[in-house]
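Chemist: next input, structure requested:
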Amino acid sequence: MTQAAGSAARAAAERVARQSYGKLVAFLAARTRDIAGAEDALSEAFAAALAQWPGSGIPASPEGWLLTVARRRLTDLARHHKARDGAADHLSLMAQEAGSVGDGSDIPDDRLRLMFACAHPAIDRPVRGALILQTVLGLDAATIAASALVPPATMGQRLVRAKAKIRQAGIAFTMPDRVDMPARLDAVLEAVYAAFTQGWSDPTGMDQRRSGLAEEAIWLGRLVATLLPDEPEALGLLALMLHLEARRAARRDAGGGYVPLDRQDPALWDAAMIRQAEDILLGASHTGRIGRYQLEAAVQSAHAIRRFGHAPDWPMLEQLYDALLAITRSPVVGLNRAMVVARTRGPEAGLADLEPLHGDARLAGYQPYWAARAELLGRCARPDEARSAYDRAIALEDDAGVRAFLRSRRDGLDGGAA
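Modeler: Modelled structure (predicted):
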C-alpha cells in the first residue's frame with residue numbers, strides 16, 4: 001500500500017461522506033427505524049473502507065460498497081437480537097433489504113421521508129430541526145449546538161433521546177398526509193436553513209465539513225417547495241436562500257479577504273438568481289400569510305435592489321425587522337435590527353437598542369454580536385470599549401479572512417492599534 005493509495009482512499013471516502021451521508025443513513029434507517037444503529041453501521045463501513053481501499057482499490061461504486069458493508073453489520077446485529085430476544089422482525093427486514101439494491105447505483109433517496117419522520121409530533125419540538133441536521137446532513141452535535149446557541153453536551157443528549165424515541169415509538173419513515181404535513185414543516189424548514197447557513201459561512205468552500213451544504217440546502221428547499229407549493233414559508237425560505245447565494249461571488253476580494261455587505265460590488269451579484277428569488281417571494285405573498293422566512297427574504301430583497309442601481313430603503317428595513325422580532329423574539333434578529341436603527345436614527349440609537357441584549361447568555365459566544373457592538377461603540381467615539389469588543393469578536397472567529405477584517409477595524413479606531 002502506497003501513501004498515494006491511502007490519500008486517494010481517504011479522499012474518496014470524504015467525498016462520499018459529503019455527498020451521500022444523509023442519503024445512506026436515510027436508506028438504512030428507513031427499514032429499521034433505528035437512526036443510531038444506522039449511523040453506527042455506516043461509521044463502521046467507512047472505517048472498513050479506509051482500511052481496505054488503499055490495498056484493494058477504490059470500488060467502482062463507493063456508495064454501494066459502503067451500503068453493503070453497513071447492511072451486513074445491521075444483519076449481524078439482527079441475528080444477535082434474534083438469538084437473544086427471539087426478535088425475528090429485524091432479521092426479516094434486513095433479509096428483504098439485502099436483495100433490494102444491487103451495487104448501490106440505484107439507492108433510493110429517502111432523505112425527505114427521514115426529514116419528516118424526524119419532525120414527527122412525538123419528537124420534542126426544540127430538537128426536531130437539530131435531529132434532521134445530524135441524520136440527514138451529517139452535522140456534528142457541536143456544530144448544531146453553536147447554531148442553536150446551546151452547550152454541545154446539552155445538544156448531544158437531546159439528539160440521543162430523540163433517536164431512541166423514533167426507535168421505541170416505531171415512527172414510520174413515510175411522508176405524512178398532506179393535511180398533517182404543515183404541522184411538521186417548521187422543523188424541516190428550520191433544518192434546511194440551518195444547513196444553508198453552515199455552508200454560507202464558508203464562502204470559499206475550503207472547509208471540508210461544510211462543502212456543498214449551501215447547494216444541498218437549496219436543493220432540499222426546492223424539493224419541499226415543489227411538494228408544498230401552497231405553503232408560503234417553504235417558498236419564502238427558498239427565496240431567502242437564493243437571495244443570499246446570489247451574493248456569494250462578492251463576499252471575498254481577489255486576495256480572499258472578507259467583504260461586508262455594504263462594501264460588496266453589486267455588479268458581482270447574480271442578477272438572474274435575484275430575479276428568481278423575487279418571483280418566488282412574490283408567489284408566496286399571494287397567499288396572504290406572512291411568516292418568518294418571507295420577512296427574512298424581504299430583508300434580503302431590500303438589499304438586492306442595489307444590483308439594479310437603487311439604494312436600500314432603511315426605514316422599510318427597520319419595519320421588516322420590527323415584524324420579524326415580533327414573530328421570533330430572537331436575539332439575533334434584535335441585533336440586526338439595532339444595526340439598521342443605527343442607519344436610520346444614528347449610532348447612539350442603535351447602541352441603545354443593542355444594550356438590552358448585552359446580558360443575554362445566548363450571545364456571549366456569538367461573534368457577530370461583539371463585532372456589531374464594537375462597530376457601534378467606535379462610531380459613538382468610545383474607542384477603548386470598542387477595542388475590547390473587537391478583541392472579543394476576533395477571539396471568537398475561526399475564519400482568517402474575517403479575523404483580518406476585524407483587526408483592521410480595531411486598528412483603525414481613534415487612539416491607534418491595540
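Chemist: which ones are touching residue 323?
Modeler: Neighbouring residues of residue 323 by Cβ atoms under 8 Å, 6 or more residues apart in numbering: 290, 295. Quick note: C-beta positions are derived from backbone N, CA and C, even for glycine.
Chemist: and the pLDDT at it?
Modeler: pLDDT recorded at residue 323 is 96.
Chemist: show me what counts as buried in the host helix or strand of it.
Modeler: Secondary structure from DSSP states H and E places residue 323 in helix 314-328. Buried residues in helix 314-328, counted by 16 or more other Cβ atoms under 10 Å: 317, 320-321, 323-325.
Chemist: stretch 145-156 too?
Modeler: For stretch 145-156, a neighbour-count test (16+ other Cβ under 10 Å) marks 145-149, 155-156 as buried.
Chemist: widest-spaced pair of these?
Modeler: Farthest-apart pair in these is 149 and 156; separation 15.2 Å (Cβ to Cβ).
Chemist: what's residue 252 sitting at in phi/psi?
Modeler: Torsion angles at residue 252 (phi, psi; degrees, to the nearest 10) stand at phi -130, psi 150.
Chemist: which helix runs longest in the chain?
Modeler: helix 3-32 (DSSP state H).
Chemist: before we move on, the earlier item: past the helix holding residue 323, which element shows up next along the chain?
Modeler: With DSSP H and E, the next secondary element past helix 314-328 is helix 331-345.
Chemist: gap between that next one and the chain center?
Modeler: Computed by Cα atoms, centre = their mean, to the nearest Å, the chain-centroid distance of helix 331-345 equals 24 Å.
Chemist: angle of the helix or strand following it against helix 331-345?
Modeler: Counting by DSSP H and E, the element after helix 331-345 in chain order, helix or strand, is helix 347-354. With axes from the mean of the first three to the mean of the last three Cα atoms, to 10 degrees defining the directions, helix 347-354 sits at 160 degrees from helix 331-345.
Chemist: next, the buried residues of helix 347-354.
Modeler: Within helix 347-354, the residues scored as buried using 16+ other Cβ under 10 Å are 347, 350-354.
Chemist: low-confidence ranges in the stretch 51-200 of the chain?
Modeler: Along the stretch 51-200 of the chain, segments meeting pLDDT under 70 span 78-109, 147, 172-174.
Chemist: make it 80
Modeler: Applying pLDDT under 80 to the stretch 51-200 of the chain flags the ranges 75-114, 126, 133-141, 143-144, 146-150, 167-183.
Chemist: the helix or strand that the longest helix of the chain is followed by vs helix 3-32, what angle?
Modeler: The element immediately downstream of helix 3-32 (helix or strand, assigned by DSSP H and E) is helix 35-56. Interaxial angle, helix 35-56 versus helix 3-32 (the same axes, to 10 degrees): 150 degrees.
Chemist: which neighbouring elements make contact with helix 35-56?
Modeler: Other helices and strands packing on helix 35-56, by 3 or more Cβ pairs under 8 Å, 6 or more residues apart in numbering; DSSP states H and E, are helix 3-32, helix 62-85, helix 152-169.
Chemist: ok, back up a step: nearest to residue 226 among the buried residues of helix 314-328?
Modeler: Closest approach between the buried residues of helix 314-328 and residue 226, by Cβ to Cβ: residue 324, at 26.0 Å.
Chemist: spit out the contact partners of the closest one.
Modeler: 292, 295-296, 299, 330, 333, 337.
Chemist: so what's the most centrally placed residue in the chain up against?
Modeler: Geometric centre of the chain, nearest residue: residue 195, 1.4 Å, by Cα atoms, centre = their mean. Counting by Cβ under 8 Å, 6+ apart, residue 195 touches 133, 137, 139, 213-214, 216-217, 220.
Chemist: I'd say residue 253 and residue 263 touch.
Modeler: No: between residue 253 and residue 263 there is no contact under Cβ atoms under 8 Å: 9.4 Å.
Chemist: so between these two, which is more surrounded?
Modeler: Between residue 253 and residue 263, residue 253 has the larger neighbour count (other Cβ atoms under 10 Å), namely 13 against 10.
Chemist: pLDDT score assigned to the nearest residue to the more buried one once chain neighbours are set aside?
Modeler: Leaving aside its chain neighbours, residue 253 sits nearest to residue 259 (5.6 Å; criterion: Cβ to Cβ, 6 or more residues apart in numbering). With respect to pLDDT, residue 259 has a value of 95.
Chemist: can you report how many residues neighbour residue 259?
Modeler: 17.
Chemist: dump the residue contacts of it.
Modeler: Here residue 259 is in contact with 250-253 (criterion: Cβ under 8 Å, 6+ apart).
Chemist: related to what we said a few turns ago, gap between the residue nearest to the centre of the chain and residue 227?
Modeler: 17 Å (Cβ to Cβ, to the nearest Å).
Chemist: ok, now residue 341?
Modeler: 38 Å.
Chemist: the more surrounded of the two?
Modeler: The neighbour count for residue 341 versus residue 227, taken as other Cβ under 10 Å, is higher for residue 341 (23 against 16).
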